[in-house]
Every structure is written in structure tokens, then in C-alpha cells.
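[1] predicted structure and sequence below. I'll ask about it afterward.
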Protein chains: 2
Amino acid sequence: MSDRPVQPRPGRKRSEESRLAILTAAFELIAEVGYAGLTIEGIAARSGTGKQTIYRWWPSKADVLMDAMATKAELYVPIPDTGSYAADLRAFLEASFTLARRPAVADGLRALMAEAQIDAAFGERFRASFLRPRRDALGIVLERARSRGELPPGLSPGAIADIVFGTIWYRLLATRRLPDDRLVEELVTALTEPGLEEPS
Amino acid sequence: MSDRPVQPRPGRKRSEESRLAILTAAFELIAEVGYAGLTIEGIAARSGTGKQTIYRWWPSKADVLMDAMATKAELYVPIPDTGSYAADLRAFLEASFTLARRPAVADGLRALMAEAQIDAAFGERFRASFLRPRRDALGIVLERARSRGELPPGLSPGAIADIVFGTIWYRLLATRRLPDDRLVEELVTALTEPGLEEPS
DNA sequence: AAATGAAGACGAGACGTATCGATTCGAAAG
DNA sequence: CTTTCGAATCGATACGTCTCGTCTTCATTT
């Protein structure tokens, strides 16, 4: 017999109002004081809730921020399907760059990736619920291209994903120059079989 | 008349012994307790020095770690010059990967990049004294290739640098799969003019 | 009755500053 | 050359502050 893990006995329902107030406060505070100045107590005060309400539902402030990013910013995952690998890749890059160019999103992503390095348990959650879905989305695009024989010889889907996401993250984390349209074209150039790009 | 700005009055000389003890302690502690568990007080205790001695010479524990990495690990910056762009690029990648594959180095780099996101002032120092020299080294390699007309059309040196370092850092930070020799070849494939690679 | 809510007290731990007496260097004085 | 003396360092530790995460209280909701 497994003791009932979920479905706690009656009680009171989780307050959706408090949940949104906490996420909103976190999203606003990160822009005002930065991640270093973000504290659980600050989020509780700003949202008009108690610390325990936050600790009850989120394991750490990074998880609150990750939740806030997903809820307040619209971090959709694009899976373009135009019929051409080059066009799909370009569309994926443009959609990703458009997101990363929003300053609040860029700041939040930097903080999440940083915390993932320092807090190993959060790192697991970040990779599983944020990084992996995006990598899988590009994986679908690349698998379609591979089955059509459009991938450049000598380049595996895994390496292409490393290059695509690596370049985006490097611009965010290291150079702090947000990715631009020129970089889209250069990545497409590097990752596309020359001569087959754009039938036109 | 300029009042003597430099040349401080006599005083006592900085203790090289203490300096090394502090860097050694930091390098050992990061492997034992991780960056999250690394504290100034812990470094002081392990090194047999006082907190003030650390605060007098380093602005933050991240700076101590960056110094320790540079001193204890040998983070040389390769600038290969074989006469061929493809071979230079391959040599640069292999040298960089060899460094990044050392677990203590990989852990330290992850911590430094993370702290650079959270502490803006340290971020400046990290970019100026760690990232920029390595990017400049690759820049020299790429400039030689450009002057020989070996760079693929449509790929600027800046984009190539973004792709090279981006891919390395992404493997370190996001996938935590250390870069391997296969990735070297795939990067060379993506960043080399097909057909001109390796005159054989 | 039971789980939730806001509010806040609490101890632990790390930060960064300040201060102490002792030590060590360099320059000036003898 | 020797002595003296000021300055900056050293190890060590006290101090106040901050944040964390837990725990407690009491009211509210189902």
C-alpha cells in the first residue's frame, strides 16, 4: 500500500492571488534591485504575503524567479516547420533572439544560469524545465532536416544545438552584446551546407 | 608641483607567503566545499591568515578564486601559428578543450562566470582580465587567416569567436558534458570554408 | 478539523569593518 | 655602520548587519 502522496485532506485552497502577487513582485524586484539584491523577505514584503507562504511553494528564490519568468514573460518555445532546414533554423534563431533581446528577459536568464552553477539542485531543475525543452525543440527541427538529408556533412544535430545555444548564451553571459540579426545570418551560414542554402 | 602620488612611505612588505597560502587554500576549498560553501572566513582559517589580510588585497572571494585559478592552474592562452587557418583553429580548440576538461578548472570557470553575472563589478574585472585576453588570442589567429583570405565568406571574425567560445562555455555551463575531440572536428567543419580545409 | 494565510520572532552563519598588539621594512639621524 | 622611528603589514578577533530558513501565533477558509 502506498500512503496517499498527493491530494492532501480538505483544508484550504492555495491562494491564486498570493501566487500571482509573489511572481509579480519577483519580476518587478529583479528589474529594480538586480538578482543580488533580490531576497525572499523583499518579495514577501512587496507582495504583501509572508515568508512562509513563499517557502511553502518554492524551494528557493531562483525557483520563484524561474516561475515568474515563465509566467510574466512569454517564453514560448518555437518549433518552425517551413519545409526547409535553412529557413527553419533562421526562424528558430530569430524567435530566440527576439526573446533574448528583451532586457528584463536577458537579465533574468543571466541570473538563472548563474544560480544554476552555484546551486546544484536548482541547476537540475533549470536544465530539466527550461534548457531541455528548448534543446528538444531545436532537436525536432534538426531531425526533420536530417531525414531530408539537409544537414551539412560532418555536423551532428548535437553539435549544431551546442553551437546555436552556446552562441546565444555566450552573447548574454560573456559579451553582454545582445544577439542581432547579423548573427542570425552568420550562424545560418556556418550551420548550413553551402550551396544548398536557400534554393531560390 | 605634484604631490608625490605613488611611492608610499616605507612600511612592511606584502607577505608572499600569506599570498600563496590564501590562493592555495581557495583552490583546495573550492574542490572540497564548492563555490557556494566557499567563504572568506574559511579561506582565512585554512590558510592561517586573517580576514583583513584577504580583504586588504582582494575585493571579493571571486577575485581570490580568479587569482587562484591563474596561479595554481596553468591557464595559458594559446596562439597557434601553423600557417593554415584550419590547423590553427584546431590547435586553439584542442588547447582550450584540454584545459576545460580538467575538473577543477571546469568547476572554477563555472563559478567565475556565475559570479560575473551576479556581481557587476567583478564581471567587469572577469571580462577584462580573463575573457578578453583569450578572445584577443583567437582574434590574432583569425586576423592572420583573414589576411590570407582563408575565412569562409559570410563569417566575420567576431561571429567565429562568439561561436567558438560560446560552444565551449555552453558545454561547461548548460550541458555539463565536457568538450571532447569530436566537437573540435565539428567546430572546424562549421567554421572552415568547405573544400579548402586541410590541403591534405 | 485541517490546511492555508499574514506577520514576525528566532538562531545560525557570513559579510565587511574596525581594532589590537606584534612584526618588519625603509628612511633618516647619529 | 648603527640606532631610532614611523608606516604599513601581519594574525586574530570583536562587532553590527544582513539574509536565510525554521518556527510560532493567530485568523481565515473549506
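    The structure has been received and is ready for your questions.

[2] please make it C-alpha for all contacts and neighbour counts, starting now.
    Fine.

[3] what residue ranges in chain A score low on pLDDT?
    Residue ranges of chain A with pLDDT under 70: A:1-10, A:194-200.

[4] residue nearest the middle of it, spatially speaking?
    Chain A has residue A:130 as the residue nearest its centroid, 4.7 Å off, counting by CA atoms, centre = their mean.

[5] from residue A:28, how far out is it?
    Distance of residue A:130 to residue A:28, computed by CA to CA, to the nearest Å: 21 Å.

[6] for residue A:49, same thing?
    15 Å.

[7] then residue A:76?
    Where residue A:28 is concerned, residue A:76 sits at a distance of 20 Å (CA to CA).

[8] and if you look at residue A:179?
    For residue A:179, the distance to residue A:28 equals 24 Å [CA to CA].

[9] with neighbour numbers in mind, choose between the two.
    Set residue A:179 next to residue A:28 and count neighbours by other CA atoms under 10 Å in any protein chain shown: residue A:179 wins out with 22 against 17.

[10] how close does the more buried one get to DNA strand D?
    31 Å (CA to the nearest atom of the strand, to the nearest Å).

[11] just say helix, strand or coil for that residue.
    Under DSSP: H, G, I helix; E, B strand; the rest coil, the three-state class of residue A:179 is coil.

[12] what residues does chain A have near DNA strand C?
    Contact residues (CA under 7 Å from any atom of the strand) of chain A with DNA strand C: A:8-16, A:18-19, A:45, A:48-53, A:56.

[13] next step: these restricted to helices.
    Judged by DSSP state H, the subset of the residues of chain A next to DNA strand C located in helices is A:16, A:18, A:19, A:45, A:51, A:52, A:53, A:56.

[14] give me the ChimeraX select line for those, limited to the buried ones.
    Buried subset of those, written as a ChimeraX selection, criterion 16 or more other CA atoms under 10 Å in any protein chain shown:
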select /A:18,19
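
[15] make CSV from the ones in helices among the residues of chain A next to DNA strand C and add distance to DNA strand D to it.
    Shown next, in CSV, are these (distance: CA to the nearest atom of the strand, whole Å):
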residue, distance to DNA strand D
A:16, 11
A:18, 12
A:19, 15
A:45, 11
A:51, 6
A:52, 5
A:53, 8
A:56, 8
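
[16] near DNA strand D, anything from stretch A:92-111?
    No: in terms of CA under 7 Å from any atom of the strand, no part of stretch A:92-111 sits within range of DNA strand D; the closest distance is 13.5 Å.

[17] flag every buried residue along that stretch.
    Buried residues in stretch A:92-111, counted by 16+ other CA under 10 Å: A:92-97, A:99-101, A:104-111.

[18] give me the distance from that stretch to the chain's centre.
    Stretch A:92-111 has its C-alpha centroid displaced from the chain centroid by 8 Å (CA atoms, centre = their mean, to the nearest Å).

[19] end-to-end on it?
    With CA to CA, one end of stretch A:92-111 sits 23 Å from the other.

[20] around chain B, pick out the residues from chain A.
    Within chain A, the positions adjacent to chain B are A:35-36, A:110-111, A:113-115, A:117-119, A:127, A:131, A:154-156, A:159, A:162-171, A:173-175, A:183, A:186-187, A:189-191, A:194 by CA under 8 Å from any CA of the partner chain.

[21] are any of those buried, and which?
    Counted by 16+ other CA under 10 Å, the residues of chain A next to chain B give A:35, A:110-111, A:113-115, A:117-118, A:127, A:131, A:155-156, A:159, A:162-171, A:173-174, A:183, A:186-187, A:189-191 as buried.

[22] filter these down to just the ones in strands.
    Residues from these lying in strands, with DSSP state E as the criterion: none.

[23] and those, which of them are in helices?
    Using DSSP H, A:110-111, A:113-115, A:117-118, A:159, A:162-170, A:183, A:186-187, A:189-191 are the members of those that sit in helices.

[24] just to revisit the earlier point, can you tell me which of the buried residues of stretch A:92-111 are in strands?
    Among these, no member falls in strands (DSSP E).

[25] smallest gap between chain A and DNA strand D, at which residue?
    residue A:39 (3.6 Å; CA to the nearest atom of the strand).

[26] distance of the closest residue to that residue other than its chain neighbours from residue A:115?
    Nearest non-adjacent residue to residue A:39, counting by CA to CA, 6 or more residues apart in numbering or on different chains: residue A:61, 7.2 Å away. Distance, residue A:61 to residue A:115, by CA to CA: 10 Å.

[27] residue A:53 now?
    When distance is defined by CA to CA, residue A:53 is 22 Å away from residue A:115.

[28] and for residue A:39?
    Per CA to CA, residue A:39 is found 14 Å from residue A:115.

[29] count of residues packed around residue A:145?
    Per other CA under 10 Å, the neighbour tally for residue A:145 reads 21.

[30] how about it, secondary structure?
    helix.

[31] is it true that it touches residue A:84?
    Yes: using CA atoms under 8 Å, residue A:145 is in contact with residue A:84, at 7.4 Å.

[32] tell me the contacts of the nearest residue to residue A:106 once chain neighbours are set aside?
    Spatial nearest neighbour of residue A:106, excluding adjacent residues (CA to CA, 6+ apart): residue A:100 at 5.3 Å. Going by CA atoms under 8 Å, 6 or more residues apart in numbering or on different chains, residue A:100 touches A:106, A:172, A:178, A:179.

[33] now do the same contact list for the closest residue to residue A:37 other than its chain neighbours.
    Nearest residue to residue A:37, sequence neighbours excluded (CA to CA, 6+ apart): residue A:30, at 7.8 Å. Neighbouring residues of residue A:30 by CA under 8 Å, 6+ apart: A:37, A:38, A:108.

[34] same list (those residues) but as JSON lines, adding distance to residue B:149.
    JSON lines is the format used below for the contacts of residue A:30 (distance: CA to CA, whole Å):
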{"residue": "A:37", "distance to residue B:149": "49"}
{"residue": "A:38", "distance to residue B:149": "50"}
{"residue": "A:108", "distance to residue B:149": "41"}
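
[35] which of these sits closest to chain B?
    residue A:37 (9.3 Å; CA to the nearest CA).
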